[in-house]
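>>> Below: sequence and its predicted model.
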Amino acid sequence: MWACLSQLGDSRWLLPLSLILLLAGPKASAGLRRRWAIALSIAAAITLASKLAYLGWGLGWTRIDFTGFSGHATISAAIYPVVFHLAIHGRTRAPLAWAAAGAALAAAIGYSRLPLHAHSASEVVSGWVLGCAASAYALSARPASFTTPMRTLALAACLGLLMPLLMPTLRTHDLVTRLATTLSGRDSVYGRQHLSR
């Protein structure tokens, strides 16, 4: 169950999904989508930087068992609330309630990383908070009335679902690991076991 829930936070599906909505959303939501692009980019950059800092140079926080923001928690919280809002806006009177549901889904995805031993609680919670801050910034745009066409939503969902099928062996963690060794000049990355030394 936890593995299936964790898959909902896979960036291979979430990033293409969000890219379509960023590029093909209705004109009236342009301000919101612009804020979302900025916030999502910043959240992703902070998450990547934190991972590289530990993997490449061992810069973590032993006391709270922190080796970098959870990518699943961050990306899920930065994307699902806005996606739910864009999908439901103009179709119901409570789009922000759906955004809150997106944040709750992201929290569940983040939690799934704990029983899978992929992250510590500090990494999940901090990632979720970072992602929610990105979503909140985007949603604070308060655009005029708009409705995202169903064909746009369907295209975004289909493209997102196709990417993991087209690239089943691609793992973003492997790419980050490779980048960390390249930048740091090390032969191998720091593991969690190094944090307690």
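Great, that's in hand. Numbers count the residues shown, from 1 in each chain.

>>> What pLDDT does the model give the residue most central in space within the chain?
The geometric centre of the chain, computed from its C-alpha atoms, lies nearest to I75 (C-alpha atoms, centre = their mean), at 0.5 Å. Per-residue confidence (pLDDT) for I75: 97.

>>> how far away is it from G58?
Here I75 is placed at a distance of 24 Å from G58 (C-beta to C-beta, to the nearest Å). In short, each C-beta sits where N, CA and C put it, glycine included.

>>> And A154, by the same measure?
A154 is 45 Å from G58, where distance means C-beta to C-beta.

>>> How about S184?
Using C-beta to C-beta, we find S184 at a distance of 9 Å from G58.

>>> Run the chain-centre distance for whichever helix in the chain runs longest.
Scanning the chain for the helix with the most residues, using DSSP state H, yields helix 30-57. The chain centroid and the centroid of helix 30-57 are separated by 9 Å under C-alpha atoms, centre = their mean, to the nearest Å.

>>> do stretch 186-197 as well
25 Å.

>>> can you check stretch 174-191 too?
Average the C-alpha atoms of stretch 174-191, do the same for its chain, and the two points are 22 Å apart (C-alpha atoms, centre = their mean).

>>> In it, which residues have enough neighbours to count as buried?
Neighbour-count burial for stretch 174-191, with 16 or more other C-beta atoms under 10 Å as criterion, is recorded at V176, T177, L179, A180, S184, V189, Y190.

>>> between the residues you listed, which is closest to L32?
If you rank those by distance to L32 using C-beta to C-beta, V176 comes first, at 29.1 Å.

>>> in what helix or strand does that closest one lie?
Under the criterion DSSP states H and E, the helix or strand holding V176 is helix 172-184.

>>> I'm done for today, thanks for sticking with me.
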